[in-house]
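Trainee: mind looking at a prediction? Sequence and model below.
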Amino acid sequence: MALFGTKTVPDEEVGLLQPSVGEAGNDRAKRPLSLAATTITATLVGFLVGCVVSLYVFGQYDSETSALKAVVGRQTYPLNFLVVGDWGREGEFNQTMVAEQMGRVGRQLKINFVVSVGDNFYQAGLKGPNDPKFQNSFSKVYTARSLQTPWYSVLGNHDYLGDTLLQIGDALTKKDNRWFCDRSYLLKHNLCGPSHTGHCHKFVEFFFIDTTPFVDKYWSPEQKRTFDWRGIGHRQTYLDTQLEKLNSGLSSSSATWKIVIGHHTIRSLGRHGDTHEMVKQVLPILEKLKVDMYLNGHDHCLEHIKREDSTVHFVTSGAGSKSFQGLRQGKPEDGLQFGYDGQGFISVSMAAQDLRIDFHDALGHKLHQLTLHK
């Protein structure tokens, strides 16, 4: 499968979703009727209650029917998966709420796997094989049956502040066999449905890349010693090799869909914005070789950007936990098609000629849909 010390935001700057109101507002219905109530009043109350119950049941039926239709429609896609990033906070900052909704959507879509776009463990990665953050942020949070499927992950800058060799090694996979993480690798999946016979010529290729070493500030004298650069070697040689393999891999690919996945943004209107080193070094390759999409995290929001001066769709899914860090409105040339400054994730459904992405928030609402056709 092989391919080829950060400032934090104070907690008071981060908004949290309010807990569900639940039964609030129904106290009046729970009070006993006054002994002086007339028969007419009682009859009227009963009639109104009956109407309310009928409307509630009808609403529930209609909602479930609509949801069922949506699920049945998406089950025709031979490949379904979820993408989440910047999540590892031991269940805090609504991570568990996002996980619950991921489980629900994952069950509906019968997902094949989950993609994690980095910053898997805050604030500073994992400190050793017995660090409880792995269990508390991963195994004990993503417990839904539908999420017991492979997790394909990349490293984020916060992961590089801890033991990177641990995250990309086998020790964590032995603790939880869902876990797979490496610096850069290729994943291929066919897109022919179950009724297809013979060899499948329609497939998607996912090119996972290691973006943290591209960022200059992480190599400054004051930050370099806080990052775990073991296994990188000489920085420029590592970057040149990664770019060369990405270029050759995309050039030789005959995939119907080509998707590149990394942690850092290329185009974003979130708190971090564009990663200029990625714009300069990676984006030209993506555009030259007609990559369909770049998936990333880093900014703690959900975004879809499609600029007129680029053929690539940029999708940010970095809202797995701590969020509400700001999202600029931008100019028309920035190409922002959708932006949500809050917690959530995305689901992706793919077929030979169709790709669909839904953006979900932590309360289960579908916020935006992107559809592409070949």
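Mentor: Perfect, thanks for sending it. The structure presented is a predicted model; accordingly, all values stated were derived computationally and were not measured. Numbers count the residues shown, from 1 in each chain.
Trainee: touching, Gly270 and His300? I think so.
Mentor: Yes. Under the criterion of CB atoms under 8 Å, Gly270 makes contact with His300 at 7.0 Å. The C-beta positions use only the backbone N, C-alpha and C, and glycine is treated the same way.
Trainee: and for those two, which residues touch both?
Mentor: Residues touching both Gly270 and His300 (CB atoms under 8 Å, 6 or more residues apart in numbering): 318, 325.
Trainee: which residues of the protein fall in strands?
Mentor: Remark: strands assigned in the chain by DSSP state E are 79-84, 113-116, 151-153, 179-181, 185-190, 203-208, 257-261, 293-296, 302-305, 313-317, 336-340, 344-350, 354-361, 366-373.
Trainee: out of Gly270 and His300, which sits in the busier spot?
Mentor: It is His300, of Gly270 and His300, that has more neighbours when counted by other CB atoms under 10 Å, with 29 against 23.
Trainee: re the thing from before, comparing the strands of the chain, which comes out most buried?
Mentor: strand 313-317 (a mean of 27; mean count of other CB atoms under 10 Å).
Trainee: report the beta-bridge partners for the residue nearest in space to the middle of the chain.
Mentor: Nearest to the mean C-alpha position of the chain, by CA atoms, centre = their mean, lies Val84 at 2.1 Å. Beta bridges link Val84 to Ser116, judged by DSSP bridges.
Trainee: do I have it right that it meets Phe113?
Mentor: No. Counting by CB under 8 Å, Val84 stays clear of Phe113, with 11.8 Å between them.
Trainee: which residues in this protein form helices?
Mentor: 27-30, 39-74, 95-109, 133-134, 164-167, 171-175, 221-224, 235-252, 276-281, 283-288 (DSSP state H).
Trainee: how many other residues sit next to Ser252?
Mentor: Close neighbours of Ser252, defined as other CB under 10 Å, add up to 8.
Trainee: same question for Asp240.
Mentor: 12.
Trainee: if we can go back for a sec, report the contact partners of the residue nearest to the centre of the chain.
Mentor: Contacts for Val84 were tallied using CB under 8 Å, 6+ apart; they are 98, 102, 114-117, 317, 319-320, 345-346.
Trainee: among the residues you listed, which one sits closest to Gly262?
Mentor: Nearest to Gly262 among these is Val117, at 7.2 Å by CB to CB.
Trainee: who's Lys366 bridged to?
Mentor: His360.
Trainee: give me the pLDDT value at it.
Mentor: Lys366 carries a pLDDT score of 97 in this model.
Trainee: was I right to think Gln325 contacts Asp341?
Mentor: Yes. Using CB under 8 Å as the test, Gln325 is close enough to Asp341 to be in contact (7.1 Å).
Trainee: re earlier: need the strands of the chain in CSV with distance to Glu244, can you?
Mentor: Output for the strands of the chain, formatted as CSV (distance: least, CB to CB, whole Å):
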stretch, distance to Glu244
strand 79-84, 27
strand 113-116, 24
strand 151-153, 23
strand 179-181, 22
strand 185-190, 14
strand 203-208, 13
strand 257-261, 15
strand 293-296, 19
strand 302-305, 27
strand 313-317, 23
strand 336-340, 32
strand 344-350, 28
strand 354-361, 28
strand 366-373, 28
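Trainee: quick one: closest of the ones you listed to Leu165.
Mentor: Going by CB to CB, the one of the strands of the chain nearest Leu165 is strand 179-181, 10.7 Å.
Trainee: ok, that closest one: who's next to it in the sheet?
Mentor: strand 151-153 (parallel).
Trainee: what's next to the strand it pairs with, contact-wise?
Mentor: Residues outside strand 151-153 that contact it (CB under 8 Å, 6+ apart) are 113-116, 118, 120, 142, 167, 178-181, 187, 206, 208.
Trainee: closest one to Lys290 out of these, please.
Mentor: For the contacts of strand 151-153, the nearest to Lys290 is Phe206 (15.4 Å; CB to CB).
Trainee: how about the closest one, nearest residue that isn't a chain neighbour?
Mentor: Leu187 (4.2 Å; CB to CB, 6 or more residues apart in numbering).
Trainee: my guess is the one you found contacts Phe203. True?
Mentor: No. The pair Leu187 and Phe203 does not pass the contact test of CB under 8 Å, sitting 10.5 Å apart.
Trainee: need the contacts of Val84 in a markdown table with distance to Gly330, can you?
Mentor: As requested, the contacts of Val84 are exported to a markdown table (distance: CB to CB, whole Å):
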| residue | distance to Gly330 |
| --- | --- |
| Val98 | 25 |
| Met102 | 28 |
| Val114 | 29 |
| Val115 | 26 |
| Ser116 | 27 |
| Val117 | 21 |
| Ser317 | 19 |
| Ala319 | 18 |
| Gly320 | 23 |
| Phe345 | 23 |
| Ile346 | 20 |
